[in-house]
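Asker: Quick one: sequence plus predicted model below, questions after.
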Amino acid sequence: MDLTGTLLIAMPGMGDPRFEHSVVFLCSHGDDGAMGLIINKPARDVRLANLFEQLDIEPVVGGVDAPVFYGGPVEGARGFVLHTPDYASRLHTMAVPQGFAMTATLDVLEDIARGEGPAKSLMMLGYAGWGPGQLESEIVQNGWLTAEATPELVFDLPDGEKWGASLKGLGVDPLSLSASAGRA
């Protein structure tokens, strides 16, 4: 089953503190593995204005400063922008099902600085990656729940509410979750 365009919700007790209470948007999933971006963990002390300054991008419009997110533990210096599908890079934008797109080229940041970027976006440093069969194994071992991704949840909810809202969208009360898995 292809999970591209869905959310992974970290279960309590998953064992990896980097993913505790994480909500991951899956940009791709297939036989060769999976790639996703954590959408609810702003990076400490890194804002879009910091990146613009480091990359010598001069914002033309005001109000473009936003948090930069910890997208995952792989390639932490590499940038990704998860965004609405109203924008396409001159170089490469990957369309993702359910009304999303992802761009990993510098021109998206230049366009955001000029006010010509996507209507809604999240800037990430790093990503989460899984080898063939690894994610499926983690799901079977009760590491993750999967849920539908909506633009409202991804872009509009406060970061601290995304994990609980994702669970509630499945009809799961976050307080009722256990850190241990069982077998029937």
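Answerer: In hand now; what should we look at?

Asker: give me the element the residue most central in space within the chain is part of.
Answerer: The chain has Leu37 as the residue nearest its centroid, 3.0 Å off, counting by Cα atoms, centre = their mean. Secondary structure from DSSP states H and E places Leu37 in strand 33-38.

Asker: Partner strands of that strand and their direction?
Answerer: strand 23-30 (antiparallel), strand 121-130 (antiparallel) (DSSP bridges).

Asker: on that earlier part again, which residue packs closest to the residue nearest to the centre of the chain, ignoring adjacent ones?
Answerer: Nearest non-adjacent residue to Leu37, counting by Cβ to Cβ, 6 or more residues apart in numbering: Gly71, 4.4 Å away. C-beta here means a position set from N, CA and C on the backbone, and glycine is covered the same way.

Asker: do you know how far that neighbour is from Asp56?
Answerer: As defined by Cβ to Cβ, to the nearest Å, Gly71 lies at a distance of 22 Å from Asp56.

Asker: Looking at those two, which has the bigger crowd around it?
Answerer: Gly71 (30 against 6; other Cβ atoms under 10 Å).

Asker: Now do the phi/psi pair for the more buried one.
Answerer: Per-residue torsions, Gly71: phi -80, psi -20 (degrees, to the nearest 10).

Asker: so it touches Met35, yeah?
Answerer: No: with contact defined as Cβ atoms under 8 Å, Gly71 does not reach Met35; the gap is 9.9 Å.

Asker: who touches both of the two?
Answerer: Overlap of the contact sets of Gly71 and Met35 (by Cβ atoms under 8 Å, 6 or more residues apart in numbering) consists of 127-128.

Asker: Having no further points to raise, I will conclude here.
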